[in-house]
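**Student:** okay, predicted coordinates and the sequence, questions at the end:
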Amino acid sequence: MNIAVIGTGYVGLVSGVCFAELGNRVICVDKDTRKIDILNSGGIPIYEPGLKELSEANRAADRLAFTSDLPGAVRQSDIIILAVGTPPLPNGEANLSYIEEAALEIAEAMNGYKIIVVKSTVPVGTNERLSDLIRRRTKHLFDSVSLPEFLREGSAIKDSLQPDRIIIGVDSPLAADTMVELHKPLTEQIVVTDIRSAEMIKYASNAFLATKISFINEIANICEKVGADVTQVAEGMGYDKRIGPAYLKAGIGYGGSCFPKDTRALIQIAGHVDYDFKLLRSVVEVNQGQRFNVIRKLETIFGGELQGRTVAVWGLAFKPNTDDVRDSPALEIIQFLVENGVKVKAHDPVAMGNFQALFGKEGVEWCNDALETAQGADALCLLTEWEEFADVDLKQLQSVLNRPILIDGRNVFEEEDLLGTNFVYYSVGRPSLN
Ligand code: NAD
């Protein structure tokens, strides 16, 4: 099939490369010419394991191209997939201006029947609105499809090539058949729904996963007070098939470009139809508080006096194996520390550049590796569970810290790892050590 993918971000680029890998001819489009230049010179503008190799192979096989010429890409394609950003507005609603702009550009470029697919996460009813916009701008026939994306950054290629399920929201049998055909090589679990239900499946799925995370974080907070161990509790819960083990890892809460924005957007979607989504509002509130547990632990350790301390921070990305720092807990935690007179030293294996672009370069000492970051610090906070941090020799780490205080926000270390050290060790929902 001939496919144009509009938007070469985390979703569009991975989807485009994976559709090419299935044997389709794919043109990936972005209005950011810097990204297109990087892609055309064989680079990848984001960090995603395995993506560069897969992209190179498909370019070499002549199935994958990159351009900023949207009209040209639309004219050459039968299926147009929209994967542009839908970032949050200040009130939590999704900003639909990018997707509306792209839809209008598609409408004006159309030269015949197209299937127009929305992969971006959009509020219920958006596909219908976009169809109306397009219909007013073109005489050509088209069908709309809602194709929500469930990939996770860091394992995006595996998630795309071996998805748990594909949801196709569609009201035309022709478009439904074509989309099923396109996705058949990936999974047998293809669910065809109406368009509004597909849009809702995406929000409901993310809201449910966020709920699991906030739930286990609240259990963790209680565990700390009653002397239980949340990792044992989660394991014991997870064997129950009705619960399952996924997303039951206590920590400093979820972040990233999806859960925070999609939970807030769903609260707004519900609000627009006079429904107060109380449960989800609590999920968001719990998540916000969870980030600050790291600060509370630091305050306890330092007797409430943070001013003048040196704190090392390991990890800036919202999770390991990505350079994405959008809504990363590290942003608010470091902001708070800096504002309260703490000297912050920080390191992340790949997300430092993106973090500095959002946070600024001032006020933090940026370090090249884990041990350099810890050097001379009064405490160390682990915020992202990169392997590089888990692999550090803890005796060596202790020797470079000014005080052996470790706040493990992701429960990376076990009690036996710390044997033979004098660490004062705090984690999440587990008894503290020393
Ligand atoms: P992103 O910000 O990384 O990328 C969006 C890209 O679209 C940018 O490169 C931008 O330049 C481009 N763009 C915007 N307007 C354009 C236009 N008119 N023409 C051409 N290009 C244009 O976004 P992302 O993280 O890939 O997310 C895209 C969508 O997918 C969002 O709705 C998001 O909620 C959803 N989603 C994201 C993830 C994820 O893990 N990142 C997972 C599932 C769903």
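**Tutor:** Looks like it came in fine.

**Student:** bridged to V311, which residues?
**Tutor:** Beta-bridge pairing of V311 under DSSP bridges involves V344, A379.

**Student:** count of neighbours near it?
**Tutor:** For V311, the neighbour count with other Cβ atoms under 10 Å is 25. Every C-beta, even on glycine, is put in place using the N, C-alpha and C of the backbone.

**Student:** that one reaches G341, doesn't it?
**Tutor:** No: using Cβ atoms under 8 Å, V311 makes no contact with G341, being 10.8 Å away.

**Student:** quick check: residues of this structure near the ligand?
**Tutor:** Proximity of the chain to the ligand, by Cβ under 6 Å from any ligand atom, involves residues 6-12, 29-32, 35, 70, 83-86, 98, 101-102, 105, 120-121, 149, 151, 153, 257-258.

**Student:** which ones among the residues you listed map onto helices?
**Tutor:** Y10, V11, G12, K35, L70, Y98, E101, A102, E105 (DSSP state H).

**Student:** pull out the buried members of the residues of the chain next to the ligand.
**Tutor:** Neighbour counting by 16 or more other Cβ atoms under 10 Å classes 6-12, 29-31, 35, 70, 83-86, 98, 102, 105, 120-121, 149, 151, 153, 257-258 among the residues of the chain next to the ligand as buried.

**Student:** for the lengthiest helix in the chain, buried residues please.
**Tutor:** In the chain, ranked by residue count with DSSP H as the criterion, the top helix is helix 195-226. Buried residues in helix 195-226, counted by 16+ other Cβ under 10 Å: 195-196, 198-203, 205-207, 209-221, 223-224.

**Student:** any idea how far the nearest residue to A374 once chain neighbours are set aside is from the ligand?
**Tutor:** Closest residue to A374 apart from its sequence neighbours, by Cβ to Cβ, 6 or more residues apart in numbering: A312 at 4.8 Å. Relative to the ligand, A312 is positioned 28 Å away (Cβ to the nearest ligand atom, to the nearest Å).

**Student:** residues contacting A312?
**Tutor:** A312 makes contact with V344, K345, A346, C367, T373, A374, Q375, A377, A379, L380, C381, L401, according to Cβ atoms under 8 Å, 6 or more residues apart in numbering.

**Student:** would you map the helices across the stretch 301-434 of the chain?
**Tutor:** Applying DSSP state H, counting those that start in this stretch to the stretch 301-434 of the chain gives helices spanning 329-339, 352-359, 370-374, 387-390, 394-400.

**Student:** okay, those in JSON lines with mean pLDDT and mean neighbour count next?
**Tutor:** Output for these, formatted as JSON lines (pLDDT from 0 to 100; neighbours: other Cβ atoms under 10 Å):
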{"stretch": "helix 329-339", "mean pLDDT": "97", "mean neighbour count": "20"}
{"stretch": "helix 352-359", "mean pLDDT": "97", "mean neighbour count": "17"}
{"stretch": "helix 370-374", "mean pLDDT": "98", "mean neighbour count": "21"}
{"stretch": "helix 387-390", "mean pLDDT": "97", "mean neighbour count": "16"}
{"stretch": "helix 394-400", "mean pLDDT": "97", "mean neighbour count": "15"}
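
**Student:** for T138, which of the ones you listed is the nearest?
**Tutor:** T138 lies closest to helix 352-359 among those, at 37.4 Å (Cβ to Cβ).

**Student:** on contacts alone, who are the packing partners of the closest one?
**Tutor:** Helices and strands touching helix 352-359, as assessed by 3 or more Cβ pairs under 8 Å, 6 or more residues apart in numbering; DSSP states H and E, comprise helix 329-339.

**Student:** show me what contacts the residue nearest the centre of the chain?
**Tutor:** Centroid-nearest residue in the chain, with Cα atoms, centre = their mean: G256, separated by 4.1 Å. By Cβ under 8 Å, 6+ apart, the contact set of G256 is E153, F318, K319, T322, D324, R326, D327, S328.

**Student:** could you count how many residues lie near the second one?
**Tutor:** Each residue near F318 was counted by other Cβ under 10 Å, and the total is 27.

**Student:** also the fifth one?
**Tutor:** Other residues near D324 number 24, with proximity taken as other Cβ under 10 Å.

**Student:** show me what contacts the closest residue to it other than its chain neighbours?
**Tutor:** Leaving aside its sequence neighbours, D324 sits nearest to E153 (Cβ to Cβ, 6+ apart; 5.4 Å). Contacts of E153 were listed using Cβ under 8 Å, 6+ apart, and they are Y10, E48, G256, K319, N321, T322, D324.

**Student:** and these, which is closest to the ligand?
**Tutor:** Y10 (3.7 Å; Cβ to the nearest ligand atom).

**Student:** so the residue of the chain most remote from its centre, which of the three states?
**Tutor:** In the chain, counting by Cα atoms, centre = their mean, K139 sits farthest out from the average C-alpha position, at 37.9 Å. When classified by DSSP: H, G, I helix; E, B strand; the rest coil, K139 comes out as coil.

**Student:** number the chain from 6, please
**Tutor:** Done: numbering now begins at 6, and the last item shifts to K144.

**Student:** which residues does it contact?
**Tutor:** Here K144 is in contact with no residues (criterion: Cβ under 8 Å, 6+ apart).

**Student:** and the gap between it and the ligand?
**Tutor:** Per Cβ to the nearest ligand atom, K144 is found 22 Å from the ligand.

**Student:** can you check L423 too?
**Tutor:** Look at L423 and the ligand: by Cβ to the nearest ligand atom, they are 34 Å apart.

**Student:** ok, L321 next?
**Tutor:** In this view, L321 and the ligand are 17 Å apart by Cβ to the nearest ligand atom.

**Student:** returning to what we had before: so which of the contacts of A317 comes closest to the ligand?
**Tutor:** Closest to the ligand, out of all of those and judged by Cβ to the nearest ligand atom, is A351, at 23.1 Å.

**Student:** pretty sure the closest one contacts Q340?
**Tutor:** No: taking contacts as Cβ under 8 Å, A351 lies outside contact range of Q340: 11.9 Å.
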